[in-house]
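Asks: have a look at this prediction, sequence included:
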Amino acid sequence: MKVAGLGFRKDVTLASLREALLAAGGSEGLAAVATVSEKAEVEALKQLARECGVPVMAVPADMLAGIETPTRSKLVAEKFGTGSVAEAAALAAAGPRARLIATRAVSQDRTATAAIAEGDGA
């Protein structure tokens with residue numbers, strides 16, 4: 001199971017999410033896109049999921065806390081207890097033995113990040 005994790009600002013655009021996902025490796029073979037629960041209903045994310053033909057997986061913030069990620073944002077660490085929402089969401093959604101196949105990529109406007117993990121599902 002291949003999952004793209006996405007982290008973004010609430011005012012993110014579909015174009016920024018697309019750009020981050022493309023920079024992380026693209027949508028080919030994805031089973032889902034995942035993000036922290038509080039952002040799962042953002043319209044741009046739902047549009048991206050529809051374009052990719054996959055569901056949005058909402059990951060509770062407490063599941064992200066403590067997930068070790070290769071990249072770290074001080075702001076994200078303070079708010080969510082992990083270094084990267086994109087990486088942690090991808091790992092959490094892809095299953096217990098998931099591994100990152102693409103670390104966090106950032107859109108040029110810095111409003112979206114994406115990472116891709118592969119695993120055996122939850």
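Replies: Looks like it arrived, so ask away.
Asks: going along the chain, name the strands of the chain.
Replies: 2-8, 32-36, 56-59, 99-106, 112-118 (DSSP state E).
Asks: quick one: contacts of the helix or strand bottoming out on mean pLDDT in the chain?
Replies: Sorting the helices and strands of the chain by mean pLDDT, DSSP states H and E puts helix 74-80 at the bottom, at a mean of 87. Residues outside helix 74-80 that contact it (C-beta atoms under 8 Å, 6 or more residues apart in numbering) are Gly7, Val36, Ala61, Leu64, Ala65, Thr82, Gly83, Ser84, Val85, Ala88. For the C-beta atoms, the positions are set from N, CA and C on the backbone; glycine is no exception.
Asks: low-confidence regions, the protein specifically.
Replies: Residue ranges of the chain with pLDDT under 70: 122.
Asks: out of the contacts of helix 74-80, which is nearest to Gln47?
Replies: Using C-beta to C-beta, Gly7 comes nearest to Gln47 of the contacts of helix 74-80, at 16.8 Å.
Asks: for that closest one, name its beta-bridge partners.
Replies: Beta bridges link Gly7 to Thr113, judged by DSSP bridges.
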